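*Asks:* give the three-dimensional model of this entry:
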Amino acid sequence: MSIWITPEELRGESDVVLIDARMEGLGAYFAGHLESAVFADLERDLSQPEADVRLGGRHPLPPIEVFAATVGSWGIDRGASVVVYDAETGALAAARCWWMLKALGHADVRVLSGGLKAAVHAGFSLCEGDAAGNRHSPKPPYPARTWLLPTRSFEEIAEHGERYTLLDVRSRKRFEGTQEHLDPPGGHIPFAVNLPYQNLIDDTGRMLPAVELRRIFEALPSGLNGSHAGDNTVFSCGSGVTACYALLALCEAFGSESPTAALYVGSYSEWSRRMHPDGA
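*Replies:* Numbering: from 1, shown residues only. So this is what the prediction gives:
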């Protein structure tokens, strides 16, 4: 099954749970969303921030039992077909939702190529208000007890960083520390290699074709390929959101339905605060 679904393909789907994961917030969702779509809030549904950002960064994963209950409330059970979208590229929260559903063990989940912008361009109408139009009734909590995809903790990166191929997908300026407004002080984790997620997107806002993605991954110093991108490869970003887009790209490049490479969920937002508690 493809990771992506086009608006044209979505039009032919009769029984899909749509998830609106736009980071613009609930106000944007109320102003207009695809018919029957439920809203996934990055801050409330796709993460559970701690009072101390040093403990997991800005967007740590919620407890699995909490997310399982949320997924059930969206009308998703093991047999559901799920499509997630955000505003455009999929890199801002749609890929995070995709990764979390995959980590929960759900098989049938795809990301809408081009997001809401592409759907509107293809002639989809928007609905206003809340999710009252959701045609999928709530289900019991999704049957999952543990995250099934690999992650890495701050302690593992700090103590054994040289063992990993650590790919930081933030922009070059944030990686180099010349532009940082979210997680001061600027810079990057030692041993990390920069792979800006923007390099994985074409001029139309969609992910590059698989053949071009393979060239990018194989050209890295670590020479990632389909057989060696295991959990010794770790993706990070600012707070574990856009790194999921790179994990999605890795799957697209090498024809895998679920990523074998690991996610450092805390990413630089945790690292910078743990290593520089005074913010300097």
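
*Asks:* show me the shaky parts of the stretch 1-150 of the chain.
*Replies:* Applying pLDDT under 70 to the stretch 1-150 of the chain flags residues 1, 131-135.

*Asks:* repeat the analysis, applying 50 as the threshold.
*Replies:* Low-confidence segments of the stretch 1-150 of the chain, defined by pLDDT under 50: 132.

*Asks:* show me where it has its strands.
*Replies:* With strands called from DSSP state E, counting those that start in this stretch, the stretch 1-150 of the chain shows them at 4-5, 16-20, 33-34, 38-39, 81-85, 109-112, 126-127.

*Asks:* same check, this time on the stretch 151-280 of the chain
*Replies:* Using DSSP E, counting those that start in this stretch, strands in the stretch 151-280 of the chain cover 151-152, 165-168, 192-194, 233-236, 262-264.

*Asks:* take the strands of the stretch 1-150 of the chain and write them to JSON lines, including distance to residue 103 and mean neighbour count.
*Replies:* C-beta coordinates here come from the backbone N, C-alpha and C atoms, glycine included. Shown next, in JSON lines, are the strands of the stretch 1-150 of the chain (distance: least, Cβ to Cβ, whole Å; neighbours: other Cβ atoms under 10 Å):
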{"stretch": "strand 4-5", "distance to residue 103": "19", "mean neighbour count": "18"}
{"stretch": "strand 16-20", "distance to residue 103": "15", "mean neighbour count": "24"}
{"stretch": "strand 33-34", "distance to residue 103": "24", "mean neighbour count": "23"}
{"stretch": "strand 38-39", "distance to residue 103": "19", "mean neighbour count": "21"}
{"stretch": "strand 81-85", "distance to residue 103": "14", "mean neighbour count": "24"}
{"stretch": "strand 109-112", "distance to residue 103": "11", "mean neighbour count": "25"}
{"stretch": "strand 126-127", "distance to residue 103": "29", "mean neighbour count": "15"}
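
*Asks:* kindly provide the distance from residue 253 to residue 218.
*Replies:* Computed with Cβ to Cβ, to the nearest Å, the distance linking residue 253 and residue 218 is 9 Å.

*Asks:* repeat for residue 200
*Replies:* 14 Å.

*Asks:* returning to what we had before: with distance to residue 188 added, can I get the strands of the stretch 1-150 of the chain in a markdown table?
*Replies:* Formatted as a markdown table, those follow (distance: least, Cβ to Cβ, whole Å):
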| stretch | distance to residue 188 |
| --- | --- |
| strand 4-5 | 30 |
| strand 16-20 | 32 |
| strand 33-34 | 36 |
| strand 38-39 | 33 |
| strand 81-85 | 29 |
| strand 109-112 | 27 |
| strand 126-127 | 39 |
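
*Asks:* quick one on the thing from earlier: okay, the strands of the stretch 151-280 of the chain in a markdown table with mean pLDDT next?
*Replies:* Formatted as a markdown table, the strands of the stretch 151-280 of the chain follow (pLDDT from 0 to 100):
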| stretch | mean pLDDT |
| --- | --- |
| strand 151-152 | 96 |
| strand 165-168 | 94 |
| strand 192-194 | 95 |
| strand 233-236 | 95 |
| strand 262-264 | 96 |
